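>>> the following comprises the amino acid sequence and a computationally predicted model.
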Amino acid sequence: MTAPILEVEHLGRSFGKVSVIEDLSFDLAAGQTLGIVGPNGAGKSTLLNLVGGVLAPSSGRIRFEGQDVTRLRAEVRARRGIGRSFQVPRPFGGLTVLENLLVAARFAGGRTTPEAGERALQVLETTGLLSQANAPAGSLRLLDRKRLELARGLASGPRLLLLDEIAGGLTEHEVPALVETVREVKESGVTVVWIEHVVHAVLAVADQMMCLTYGRMLALGEPQAVMNDPEVRRVYLGSTPEEALG
Amino acid sequence: MAHPVGVVRWTGASRVGPPLLLVVVVALAAGPFVVAPQQLFGLVNLFAYVMLAVTWNLLAGYGGMVSVGQQASIGLGAYAVAYLAQTVGLNGFLALPVAAVMAGVVAVPVSFLAFRLVGGYFAIGTWVVAEVFRLLTVQWDAVGAGSGTSITSLSGYDRDVRLALTYWVALAAAAVVVVGSVLLVRSRFGLGLAAVRDDPVAAASTGVGVTTAKRVVFVLAAAGAGLAGGVLALGSLRVQPDSVYSVQWTAFMVFMVVIGGVGTIEGPIVGAVVFFVLQQTLAHYGATYLIVLGVVAIAMVLLAPRGLWGLLAGSRGTTLFPVGYRAVLGRRS
Ligand SMILES: Nc1ncnc2c1ncn2[C@@H]1O[C@H](COP(=O)(O)OP(=O)(O)OP(=O)(O)O)[C@@H](O)[C@H]1O
Ligand SMILES: [Mg+2]
């Protein structure tokens, strides 16, 4: 048994009167990959923002590696080992792609300049961005911006990596390479939470799946079981399990 | 397929800046031996402009904080020099670093106030702070209240010696500000600061202490503007609240940085020189010179938003200083 790296207890968040995450509780064991699916507006990104510290919860607690991080600022959580990507890319547009990764490697990763450089180049190579290393991040096309999100999240060397729809926009030819990248990350011992609409991609690596709707957990468990759950299938309106599983 | 070789900081162009800077400073140091005293006085102002442009660029171009209130620190620095030299009896030149430190220290509480505001409110807020400083100064009899005061305690020096000393002190101060800004931008802190400017949310999520980074640069920019204010006071030997706390200084800083190129090391220096030359050549045309400045600024924003340095540096953003990072890639067959 591995101790849970992430413990979410009765988490809630509302915007005004609208409750976006409601009384959500789950544990994630170290080294596991959790896939999260759910319709638009279900609260998936909000959950990631709560865990990453970009948003403060209205109620509940979040523990990372046994310690309560609920009140810690995002930068402190990042330095403790939580890395992330943003669904809508947020590159440091005035810096080069390489420098974007160096920020993460030096600040969140606490690496020296030479170590950070080595790490950044290695991550750029695995994420397919190496040829763009010296390009200004602001000049990247959407697809490369998405790659940069994954790369920057990895550059710090996080123990928990939060990914938000990194496969959107990829062609069917490009998805396997991305899945392979995430699998390598997972095999290096990193715990991954991966929100993804491209369900077959996330199913290829997930140890567990969660389905969110209206801020509530509809199902959590073994991936095939969750995707075959009639409630989950109803959420993916009209789709057969085959379609949902790709 | 490309493969990674390493990360370098000293590329072809970035080897040029440091020795070039050294040569320029050494050449300028000969000024008092070759230039007429009246022109020395002009150059003292140029050095102050360089300090103002470089520090405002740190704030806006690297920190993403568009301040309209740097004249608060200029006035504070100028008045600190005047007060220390006249009333406390400190040598005017020695008062200069003290004035810079004072401007920086005062900026700490101001930052707690100003950082509660964002965007346009931040800009207006900083302006209000500067106005408050001006109003407080006007009430202060020891420094001549509304009519200001003269610095007479340097009259022990022979006039030419005093001018030369002022010139060298101003040059040294500008060199410290320029070298300091290069080192700051080059440092780990500078990398984090650029991240904060581009996207504070992503910066926090990559471990950068957003508020601390902003506060540090806010305080350093205030100290730099205070230093410039002190230099202006030593140059003119006169401080007046309406002139040292004038919002016109902000207009000049914006002009210099926009003309030269925001968010670059070289841009503000280029901008300060251009501004200085325009001011010298157009000085006797009165208000027309302000109109020319305005037209030049608008043309620049429309035609070359990255400024003169941006035009020279091209799309690759060439820099003469080793402040960035470059991946060196090899070719595999
Ligand atoms: N800052 C905010 N202020 C107000 N409402 C918000 C805010 N952020 C999110 N919401 C709302 O919360 C709900 C959940 O949003 P969230 O982005 O978490 O959904 P999601 O599951 O990630 O959806 P998608 O699949 O479209 O990315 C949406 O209705 C959204 O409009
Ligand atoms: Mg989302």
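That came through fine. Ligands and ions are numbered 1, 2, ... in the order given.
>>> got the end-to-end distance for stretch A:193-205?
Length of stretch A:193-205, first residue to last, Cα to Cα, to the nearest Å: 11 Å.
>>> roughly how far does the closest residue to residue B:9 other than its chain neighbours sit from ligand 1?
Among residues not flanking residue B:9 along the chain, residue B:322 sits closest, at 4.5 Å (Cβ to Cβ, 6 or more residues apart in numbering or on different chains). Bear in mind the C-beta positions are built from the backbone N, C-alpha and C, glycine included. As defined by Cβ to the nearest ligand atom, to the nearest Å, residue B:322 lies at a distance of 40 Å from ligand 1.
>>> I'd guessed residue B:322 sits against residue B:14; true?
Yes - Residue B:322 lies in contact with residue B:14 (Cβ atoms under 8 Å); the separation is 4.0 Å.
>>> the residue nearest to residue B:9: neighbour count?
18 (other Cβ atoms under 10 Å in any protein chain shown).
>>> quick one: pLDDT of it?
Per-residue confidence at residue B:322 stands at 84 (pLDDT).
>>> where does it land in three-state SS?
coil (DSSP: H, G, I helix; E, B strand; the rest coil).
>>> next, residue B:304: phi, psi?
Here is the backbone geometry of residue B:304 (degrees, to the nearest 10): phi -140, psi 80.
>>> equivalent analysis for residue A:140, please.
Per degrees, to the nearest 10, the backbone of residue A:140 is at phi -70, psi 150.
>>> hmm, back to that, who are the contact partners of the residue nearest to residue B:9?
B:9-11, B:14-15, B:17-18, B:186 (Cβ atoms under 8 Å, 6 or more residues apart in numbering or on different chains).
>>> hmm, try it at 10 Å
Contact partners of residue B:322, counting by Cβ atoms under 10 Å, 6 or more residues apart in numbering or on different chains, are B:8-11, B:13-15, B:17-18, B:182, B:186.
>>> which residues of chain B fall in strands?
Taking DSSP state E as the criterion, chain B contains strands spanning B:2-8, B:149-150, B:238-239, B:326-331.
>>> over to chain A?
A:4-15, A:18-29, A:33-37, A:59-64, A:67-68, A:82-84, A:160-164, A:191-195, A:208-213, A:216-221.
>>> list the buried residues in stretch A:14-34.
A:19-22, A:24, A:26, A:28, A:31-34 (16 or more other Cβ atoms under 10 Å in any protein chain shown).
>>> with stretch A:169-187 instead?
Neighbour-count burial for stretch A:169-187 flags A:170, A:175, A:178-179, A:181-182, A:185-186 (criterion: 16+ other Cβ under 10 Å).
>>> residue nearest the middle of chain A, spatially speaking?
Geometric centre of chain A, nearest residue: residue A:163, 1.7 Å, by Cα atoms, centre = their mean.
>>> which residues touch that one?
A:33, A:35-36, A:48, A:83-87, A:149-150, A:153-154, A:178, A:182, A:185, A:192-196, A:202.
>>> so how far is ligand 1 from residue B:102?
42 Å.
>>> again with residue B:303
Distance, residue B:303 to ligand 1, using Cβ to the nearest ligand atom: 38 Å.
>>> need the pLDDT of that residue.
81.
>>> that one contacts residue B:311, correct?
Yes - with contact defined as Cβ atoms under 10 Å, residue B:303 and residue B:311 form a contacting pair (9.2 Å).
>>> of the two, which one has the most company?
Neighbour count, other Cβ under 10 Å: between residue B:303 and residue B:311, residue B:311 has more, with 12 against 8.
>>> wait, doesn't the more buried one sit right on residue B:261?
Yes - using Cβ under 10 Å, residue B:311 makes contact with residue B:261 at a distance of 8.1 Å.
>>> between these two, which contacts overlap?
Common contacts of residue B:311 and residue B:261, defined by Cβ under 10 Å, 6+ apart, comprise B:300, B:304.
>>> how many residues are close by the residue of the stretch 201-333 of chain B found nearest ligand 2?
When scored by Cβ to the ion, the stretch 201-333 of chain B has residue B:201 as its residue closest to ligand 2, at 14.7 Å. Residue B:201: 15 surrounding residues under other Cβ under 10 Å.
>>> show me the contacts for residue 8.
Reading this off chain A. By Cβ under 10 Å, 6+ apart, residue A:8 lies in contact with A:21, A:24-28, A:47, A:50-51, A:57, A:60-63, A:70, A:217.
>>> the intended chain is chain B.
Counted by Cβ under 10 Å, 6+ apart, residue B:8 has contacts A:117, B:14, B:322, B:324-328.
>>> out of the residues you listed, who's near ligand 2?
The subset of the contacts of residue B:8 within reach of ligand 2, by Cβ under 5 Å from the ion, is empty.
>>> for PyMOL, what selects the buried ones among those?
Command for PyMOL that selects the buried part of those, burial taken from 16+ other Cβ under 10 Å:
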select buried, (chain A and resi 117) or (chain B and resi 14+322+324+325+326+327)
